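[1] Sharing a sequence plus its predicted fold:
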Amino acid sequence: MRNAITIAGKELAGYFVQPVAYVVMTVFLLLGGFFFFSLLQRFAQLVQMYQAMQNPQVLQRINLNQIVIEPLLHNLSIVLVILVPAITMRSFAEEKRAGTYELLLTAPVRTGEIVAGKFIAAATFMLIMIAMAGIFPLILVVFGNPEAGVMLSGYIGLALLSIAFVSIGLFTSSLTQNQIVAAITCFGVLLMLYVISWPAQEGSASILSGLLRYLSLPDHFSQMVTGIIDTRDIVYFLSLIFVALFLTQRSVESARWR
């Protein structure tokens with residue numbers, strides 16, 4: 001485990017040496033701020049409209065979480081589909097391109113520790129970025145009266161989603177020495193997991209439809225955004241992370257024995 005932590009520290013420091021990390025973080029926060037204040041403005045306009053209509057019953061049904069936080073988190077999840085490949089693409093591909101991959105494989109560390117170190121570093125970076133985006137719900141807590149539990153559940157879902165994205169990104173990066181190919185492949189896989197349930201939305205309740213819905217990332221994420229933390233959703237994200245990391249470890253292990 002010590003080796004994994006050492007690799008993670010080196011990798012995490014490497015993120016902040018490269019300008020890509022700052023660009024990704026800036027884009028994420030700027031887009032998040034744009035979405036947040038646009039949704040907040042829409043909420044204020046709805047409140048003013050119903051106040052002018054003198055309809056207190058409708059005003060009581062207007063939910064700050066549903067109108068602001070839920071759309072914000074869904075928008076941020078789509079942004080992560082685009083940004084996570086830019087962060088993970090260099091994890092293994094850059095090592096191969098620079099010629100340091102062979103040195104890493106011949107070092108006295110296990111392949112599992114190499115994968116774990118790179119995963120911890122990338123996941124930590126994503127969690128830092130999401131924590132910085134926590135300023136948006138804090139603004140609502142200070143100036144409004146949102147449901148804190150629902151917001152916390154949504155951000156936990158966003159954190160699990162980003163970590164799952166990272167594990168998939170590491171796997172695609174381990175398959176090639178070209179960073180662009182790794183990023184595009186990761187983006188394709190994430191996009192597929194986003195749209196995989198579309199054919200089942202209007203289909204019958206067959207076994208295939210149920211399987212497609214279970215594999216769909218948005219279906220599990222949407223549950224947590226609404227404040228429902230179901231063990232099935234937690235198991236789904238953890239299983240996805242485990243499978244992706246296992247495949248990454250096997251990919252790295254195969255390179256060691258070539």
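    Looks like it came in fine. Residues are numbered from 1 along each chain as shown.
[2] What helices and strands are in contact with the strand or helix carrying Ser38?
    For Ser38, the host element (DSSP states H and E) is helix 19-52. Where contact means 3 or more CB pairs under 8 Å, 6 or more residues apart in numbering; DSSP states H and E, helix 19-52 is packed against helix 56-61, helix 70-88, helix 111-132, helix 135-143. For every residue, glycine as well, the C-beta is placed using N, CA and C.
[3] The ones you listed: which one's closest to Met25?
    Taking CB to CB, helix 111-132 is the member of these nearest to Met25, at 5.4 Å.
[4] Val84 is in contact with Val27, correct?
    No: with contact defined as CB atoms under 8 Å, Val27 does not count as touching Val84 (12.0 Å).
[5] Can you give the distance of the helix holding Ser38 from its chain's centre?
    19 Å (CA atoms, centre = their mean, to the nearest Å).
[6] Which of the residues in it are classified as buried?
    Within helix 19-52, the residues scored as buried using 16 or more other CB atoms under 10 Å are Ala21, Val24, Met25, Phe28, Leu31, Gly32, Phe35, Phe36, Leu39, Leu40, Phe43, Tyr50.
[7] give me the number of residues near Val225?
    Residues near Val225, counting by other CB atoms under 10 Å, number 26.
[8] got it, and Ser254?
    Burial of Ser254 is recorded as 11 neighbouring residues (other CB under 10 Å).
[9] check contacts around it.
    Contact analysis of Ser254 by CB atoms under 8 Å, 6 or more residues apart in numbering lists nothing.
[10] Would you check how far apart it and Ile7 are?
    As judged by CB to CB, to the nearest Å, Ser254 and Ile7 stand 19 Å apart.
[11] for Glu95, same thing?
    11 Å.
[12] which residues of the stretch 51-200 of the chain score low on pLDDT?
    Residue ranges of the stretch 51-200 of the chain with pLDDT under 70: 51-62, 98-107, 200.
[13] re the thing from before, same list (the helices and strands packed on helix 19-52) but as JSON lines, adding distance to Thr231 and mean neighbour count.
    Shown next, in JSON lines, are the helices and strands packed on helix 19-52 (distance: least, CB to CB, whole Å; neighbours: other CB atoms under 10 Å):
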{"stretch": "helix 56-61", "distance to Thr231": "30", "mean neighbour count": "10"}
{"stretch": "helix 70-88", "distance to Thr231": "20", "mean neighbour count": "21"}
{"stretch": "helix 111-132", "distance to Thr231": "21", "mean neighbour count": "20"}
{"stretch": "helix 135-143", "distance to Thr231": "24", "mean neighbour count": "14"}
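[14] With distance to Phe221 as added columns, please give the ones you listed in CSV.
    Shown next, in CSV, are these (distance: least, CB to CB, whole Å):
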stretch, distance to Phe221
helix 56-61, 25
helix 70-88, 6
helix 111-132, 13
helix 135-143, 17
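[15] Please consider this matter closed, and thank you.
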